[in-house]
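Student: Got a sequence here, can you model it:
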Amino acid sequence: LARMLVLTLFIPWLGIVDAGIETSAITVEQGASVLVPGVESSMAFQFDDGTIVVGKGEESHWSKDSGQTWQPGPAGPSQKVAIDLGDGEIIAVGRNTKRREDGLFSGSLKRSLDNWATTESEVPIIDIPEATSTVLGGGGIVDGFLFHHGIRLLRDGRLIATMYGNYRGDTLLCDGYPPELGQLKYRTIVVFSSDHGRTWGNPVMVAYDRMLVRGVPSGHPLAELGYETEDTRPLRVGPAITQEGFREADLIEAPNGDLLCVMRSGGRNPGAGTLFPTPLYCSRSKDLGTTWSPPAQIADRGVGPDLLLLDNGVIVCTYNRPGSWLIFSVDHGASWEGAFHYGPSDAYGYLARVGPDRFVVFNEVKEDGQKVVRGTFSTVRRN
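Tutor: Numbers count the residues shown, from 1 in each chain. As a prediction, the model looks like this:
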């Protein structure tokens, strides 16, 4: 991605990173970082009133001043899939699902009706007729699909959430993993709930084995040789380039109302031998998740993508491995720019909004051999 200006800054816990970047569309300035005391997990949740909670369980710390100061407090909604529904109602959805005797799946969920002062545990029911068991990279097996990261309240009052796993009949093995593991390339789907998360169903596939690829331009000699038999448009749909299929998807509603689904396609674990291509992908829905465009590459790497929409209309995406990165979109996700390296950590980052054009990203880092969590502030302005 073209850069007009790049500055560098040395921060002991980060190493050499970008401190600022300017493109034709945006200017990004990285500010200070703050230590979140007593916390080792960067899991973060932001309430509608701006309150931020970081960490899991008893280590959780809370901030009511946009991440400047922190106080210990009760456990927050420590799940990747969590949402503030307004009027004090918050739900946090557990990752795994378990097959029932009737062929449906049960999950786990915590619900609060008083802004997380108290919670009740529930067992949501998930209906994904084609689902089969999912093999994880560590060898574990989950009965069905896994909830991960993405959840949104649609304009029609329904909830939409991302899941990943496998359908019956899937056979593509993940590249670079022992075949004996039986780890299949994952599908990313979305499911819907009309009762605030008590039941989920109507699965729609977002991505599996196809992607947007470069075609043969009109007039190119290869077109005359028949390499593009249907037409000669520059873009077409072809086989997806992934190590693991599509997983760990987050959702955001763009300013124009489109839904964007950004997905991991591989682990790219350091020291794991051959580094397979592991791009970050994005699919788009213009009809509230009913149909999705073929996934298109938006970055050369990326696990655990996390999305945020700022008041100035800029969409921010953080992703990792190797390193910690940010990219930005000012055109509703049609293009992404300003690839910005904010740290060396491979741990997942989590975003929170702290101003109309200002955000903070929380990340796990090592300091003097100890794992700590820091929040790094940045400002992004439209040019």
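Student: all helices of this structure, in order?
Tutor: Applying DSSP state H to the chain gives helices spanning 221-224.
Student: pLDDT below threshold where in it?
Tutor: 1-19, 214-220, 222-234, 268-275 (pLDDT under 70).
Student: By residue count, what's the longest strand in it?
Tutor: In the chain, taking DSSP state E as the definition, the longest strand is strand 370-382.
Student: same for that strand, what does it pack against?
Tutor: strand 26-36, strand 337-343, strand 350-355, strand 358-367 (3 or more CB pairs under 8 Å, 6 or more residues apart in numbering; DSSP states H and E). Bear in mind the C-beta positions are built from the backbone N, C-alpha and C, glycine included.
Student: ok, now with 6 Å
Tutor: strand 26-36, strand 358-367 (3 or more CB pairs under 6 Å, 6 or more residues apart in numbering; DSSP states H and E).
Student: could I get those as JSON lines with mean neighbour count and distance to Ile241?
Tutor: Output for the helices and strands packed on strand 370-382, formatted as JSON lines (neighbours: other CB atoms under 10 Å; distance: least, CB to CB, whole Å):
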{"stretch": "strand 26-36", "mean neighbour count": "18", "distance to Ile241": "28"}
{"stretch": "strand 358-367", "mean neighbour count": "21", "distance to Ile241": "27"}
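Student: got the ones you listed as a markdown table, with distance to Ser108 columns?
Tutor: Formatted as a markdown table, the helices and strands packed on strand 370-382 follow (distance: least, CB to CB, whole Å):
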| stretch | distance to Ser108 |
| --- | --- |
| strand 26-36 | 26 |
| strand 358-367 | 24 |
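Student: hang on, the earlier thing: list the neighbouring strands of the longest strand of the chain plus their orientation.
Tutor: strand 26-36 (antiparallel), strand 358-367 (antiparallel) (DSSP bridges).
Student: Val142 is nearest to which of the helices and strands packed on strand 370-382?
Tutor: Between Val142 and the helices and strands packed on strand 370-382, the shortest separation by CB to CB is 24.2 Å, and it involves strand 358-367.
Student: Contacts for the closest one next, please.
Tutor: Identification of contacts with strand 358-367 by CB atoms under 6 Å, 6 or more residues apart in numbering yields 13, 42, 44, 54, 67, 308, 316, 318, 324, 343, 345, 347, 349-354, 371, 373-377, 379.
Student: Those, buried ones only, as a ChimeraX selection?
Tutor: Of those, the buried ones go into a single ChimeraX selection, burial set by 16 or more other CB atoms under 10 Å:
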select :13,42,44,54,67,308,316,318,324,343,345,347,349,350,351,352,353,354,373,374,375,376,377,379
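Student: of the helices and strands packed on strand 370-382, which approaches Ile83 most closely?
Tutor: Proximity to Ile83, assessed across the helices and strands packed on strand 370-382 by CB to CB, is greatest for strand 358-367 (18.0 Å).
Student: Okay, angle between that closest one and strand 350-355 too, please.
Tutor: Computed with axes from the mean of the first three to the mean of the last three CA atoms, to 10 degrees, the direction of strand 358-367 lies at 140 degrees from that of strand 350-355.
Student: quick one: strand 358-367 to chain centroid distance?
Tutor: In terms of CA atoms, centre = their mean, to the nearest Å, the centre of strand 358-367 is found 16 Å from the chain centre.
Student: Ok, stretch 108-121 next?
Tutor: So, by CA atoms, centre = their mean, the centroid of stretch 108-121 is 24 Å from its chain's centroid.
Student: what sits against the nearest residue to Phe328 once chain neighbours are set aside?
Tutor: Among residues not flanking Phe328 along the chain, Gly338 sits closest, at 4.7 Å (CB to CB, 6 or more residues apart in numbering). Gly338 makes contact with 21, 23, 26, 28, 328, according to CB under 6 Å, 6+ apart.
Student: repeat that with 7 Å
Tutor: 1, 21, 23, 26, 28, 327-328 (CB atoms under 7 Å, 6 or more residues apart in numbering).
Student: what's the answer for Trp336, then?
Tutor: By CB under 7 Å, 6+ apart, Trp336 lies in contact with 298-299, 327-329.
Student: repeat that with 8 Å
Tutor: 1, 282, 298-299, 317, 327-329 (CB atoms under 8 Å, 6 or more residues apart in numbering).
Student: Check Pro77 too.
Tutor: 45, 53, 90-92, 110, 112, 116.
Student: Among these, name the ones in strands.
Tutor: 45, 53, 90-92, 110, 112.
Student: wait, which of the strands paired with strand 370-382 is closest to Arg236?
Tutor: Going by CB to CB, the one of the strands paired with strand 370-382 nearest Arg236 is strand 26-36, 30.1 Å.
Student: from the chain's centre, how far out does that closest one sit?
Tutor: Taking mean C-alpha positions (CA atoms, centre = their mean), strand 26-36 and its chain are 20 Å apart.
Student: relative orientation of it and strand 337-343 in degrees?
Tutor: Using the same axes, to 10 degrees: strand 26-36 against strand 337-343 is 20 degrees.
Student: Please enumerate residues in contact with strand 26-36?
Tutor: If you take CB under 8 Å, 6+ apart as the criterion, strand 26-36 is touched by 9, 11, 13-14, 17-22, 54-55, 61, 67-68, 70, 314, 326, 328, 330, 337-338, 340, 342, 362, 372-383.
Student: Please indicate which of these are buried?
Tutor: Using 16+ other CB under 10 Å as the threshold, 11, 13-14, 17-22, 54-55, 61, 67, 70, 314, 326, 328, 330, 337-338, 340, 342, 362, 372-381 are the buried ones among these.
Student: Okay then, goodbye and thanks.
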